[in-house]
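# for reference, the sequence and a predicted model appear below.
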Amino acid sequence: REQAGGVSMDDVVEAFAPYLENKELKERVPSINLNKELQTLPTGTLVRYRGMVRDMLNPEYYMGAYKLETGEWRTTKYDEFSDHGLCDAVDNVMCERKPYFCAAVPGESEWLKQTEKSFQSGQLSSNGSDR
């Protein structure tokens, strides 16, 4: 389905699918379970998170895309804020998103965390053996 600005959810899925399907690429995506200093990650960084959905919150309504006077569409779907003043928008599209409250997996063992850290640092091969 086409969205404002010419980007559909299918386009997003297609762009990130290689990172989800290829183990080597997936391991290069930082895990926020392991990264204690999230502030060091640049804005817009693709990250992984292992957890469980604990609750589904009420839907949020937001300006999903807006059109500038130049005719260019911008999206706020993946950011909390816009680069431009939204009062300069000549058109906009309202969207809905469903936030989830996620929590760490209870009782997760220390060896599992260590294995993930080893994958992240490249010390283990994808079959679990030492390199």
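Perfect, thanks for sending it. Since this is a predicted model, take the numbers as computed values, not measurements.

# if you count neighbours, what's buried in stretch 35-42?
For stretch 35-42, a neighbour-count test (16 or more other Cβ atoms under 10 Å) marks nothing as buried. All C-beta spots, glycine's among them, are computed from the backbone N, C-alpha and C.

# what's next to it, contact-wise?
Residues from elsewhere that reach stretch 35-42, judged by Cβ atoms under 8 Å, 6 or more residues apart in numbering: 30, 32, 47.

# residues contacting the most centrally placed residue in the chain?
Residue closest to the average C-alpha location in the chain (Cα atoms, centre = their mean): residue 46, at 5.1 Å. By Cβ under 8 Å, 6+ apart, the contact list for residue 46 reads 16, 19, 29.

# one more time with 6 Å
Counting by Cβ atoms under 6 Å, 6 or more residues apart in numbering, residue 46 touches residue 29.

# can you say which helix or strand has it in it?
For residue 46, there is no enclosing helix or strand under DSSP states H and E.
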